[in-house]
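> fold the following for me, if possible:
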Amino acid sequence: MNINAASMFKELQTQSVEAKGLSRELNTSSVNPAPADFSAMLKQAIENVNGLQQNTSDLRNGFEMGDENVSLSDVMIAANKSSLAFDATVQVRNKMVEAYKEVMSMPV
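Alright, predicted model coming up:
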């Protein structure tokens, strides 16, 4: 399985925007052409995953409390989005740990 970190981060950002209910779209014309700081991108991606999980938790609580504005399908979609984002983040972490171990085992 090949993971493209840049596309995963863009997808996580898009999901975060959707989860927050914002109507603006992320497109390639608004991306800063300067190289981004990887740690800042990773931190933002983790915050986005956290936001998706919090949104899912809020929707679940609302549904369980009988809020008529929250449907079961909304809860299930939010749960699947947060689960997918979390799984992708774990895969990126695993690849980073693997790369770190490989670099550390290189002779100097």
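> can you tell me the element Val75 falls in?
Per DSSP states H and E, Val75 falls inside helix 72-104.
> go through that helix and flag the buried ones.
Buried positions in helix 72-104, judged by neighbour count with 16 or more other C-beta atoms under 10 Å: Val75, Ala78, Ala79, Lys81, Ser82, Ala85, Ala88, Thr89, Val92. All C-beta atoms are positioned from the backbone trio N, CA, C, and that covers glycine.
> repeat that for stretch 49-63.
Within stretch 49-63, the residues that count as buried by 16+ other C-beta under 10 Å are Val49, Gly51, Leu52, Gln53, Asn55, Thr56, Leu59, Arg60, Phe63.
> returning to that earlier point: now for the buried residues of helix 72-104: which two are most distant?
Val75 and Val92 (26.2 Å; C-beta to C-beta).
> would you turn the buried residues of helix 72-104 into TSV with distance to Thr14?
Shown next, in TSV, are the buried residues of helix 72-104 (distance: C-beta to C-beta, whole Å):
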residue	distance to Thr14
Val75	20
Ala78	15
Ala79	18
Lys81	10
Ser82	14
Ala85	10
Ala88	12
Thr89	15
Val92	16
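> between those residues, which is closest to Gln13?
Nearest to Gln13, judged by C-beta to C-beta, of the buried residues of helix 72-104 is Ala85 at 10.4 Å.
> ok, and the closest non-adjacent residue to that closest one?
Closest residue to Ala85 apart from its sequence neighbours, by C-beta to C-beta, 6 or more residues apart in numbering: Val49 at 4.6 Å.
> pull the contacting residues for the one you found.
Contacts for Val49 (C-beta atoms under 8 Å, 6 or more residues apart in numbering) come out as Leu12, Ser82, Ala85, Phe86, Thr89.
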